[in-house]
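Peer 1: fold the following and give me the result.
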Amino acid sequence: MFLKKLTVLHEKVLSYSKYPFSIPALKSLRELAFQKDVTFFVGENGSGKSTLLEAIADKCEFNTAGGGRNNTYEVHASASAFGDFIRLSWLPKVTNGFFLRAESFYHFASHIDEMDNNGFINYGGRSLHEQSHGESFLSLFKHRFKGKGIYLLDEPEAALSPARQLAFLKILHDLTRNKQAQFIIASHSPILLGYPEAQIFSFDGENIAEVSYEDTDHYSLTKYFLEHRERLLAELFSEDV
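Peer 2: Next comes the predicted model:
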């Protein structure tokens, strides 16, 4: 691991009633210690996980619209609202890495089309726009992610089928087994969250808490659905009667 700890600078906060400190999990956050090469942020939409991930990207000097340090382009409303309120502790500090925003990946792909002069060697040899959404994500993971670096991914499963999510887990394993990479991933995927020995932080509730895989809502709800699909759907649809 390279990033060891995140500290919130509460002395800089002017108001806890305004975004982003209106989010309960961020309002109460003091420190977050990273103890694994792969860390997941989980929680409902609006719980603050993407806001915190974006703030880490901002402090890493990655483009908060998506990309690394050398990707300069703009996307509306992509600026970090939380970056000025955190401090990162490194050992050692790395400058290589990438921030993936699934929602603005199209803009990143267009930026690469405009800037690439090397035959897209970092993206599988083809424009990302000439690949399917899932293929383009995997091309990025396979070819752009290399060397010592920190990789921040916001809902990478958005473009990945279940089979390709498993392929992504193999990429995670290959990149971290020699301590060459660190991943922090915001995800809703029970497949990705099953990565062995990953650290999982839940943003549901008043405080960010470390939880086990089996204690995530993503695991328990998916497990219940698979085991009791007909009953669950009958109960869900009966609410409309």
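Peer 1: next, residue 62: phi, psi?
Peer 2: phi -80, psi 160 (degrees, to the nearest 10).
Peer 1: please enumerate residues in contact with the lowest-mean-pLDDT helix or strand in the chain?
Peer 2: When the helices and strands of the chain are scored by mean pLDDT, DSSP states H and E, helix 105-115 comes last with a mean of 82. Residues outside helix 105-115 that contact it (Cβ atoms under 8 Å, 6 or more residues apart in numbering): 65-67, 71, 73, 75, 101, 120, 123, 127-129, 133, 136-137, 159. C-beta coordinates here come from the backbone N, C-alpha and C atoms, glycine included.
Peer 1: for it, buried residues please.
Peer 2: Across helix 105-115, burial judged by 16 or more other Cβ atoms under 10 Å covers 105, 107, 108, 109, 111, 112.
Peer 1: check stretch 48-65 too.
Peer 2: 48-60, 62-65.
Peer 1: centre of the chain to that stretch, how far?
Peer 2: How far stretch 48-65 lies from its chain's middle: 9 Å, per Cα atoms, centre = their mean, to the nearest Å.
Peer 1: all strands for this structure, in order.
Peer 2: 3-8, 31-33, 38-42, 86-90, 97-101, 149-154, 181-186, 199-202, 209-211 (DSSP state E).
Peer 1: ok, the nearest residue to residue 167 once chain neighbours are set aside to residue 188 distance?
Peer 2: In this structure, residue 167 finds its nearest non-sequential neighbour in residue 138, 6.4 Å apart by Cβ to Cβ, 6 or more residues apart in numbering. Computed with Cβ to Cβ, to the nearest Å, the distance linking residue 138 and residue 188 is 19 Å.
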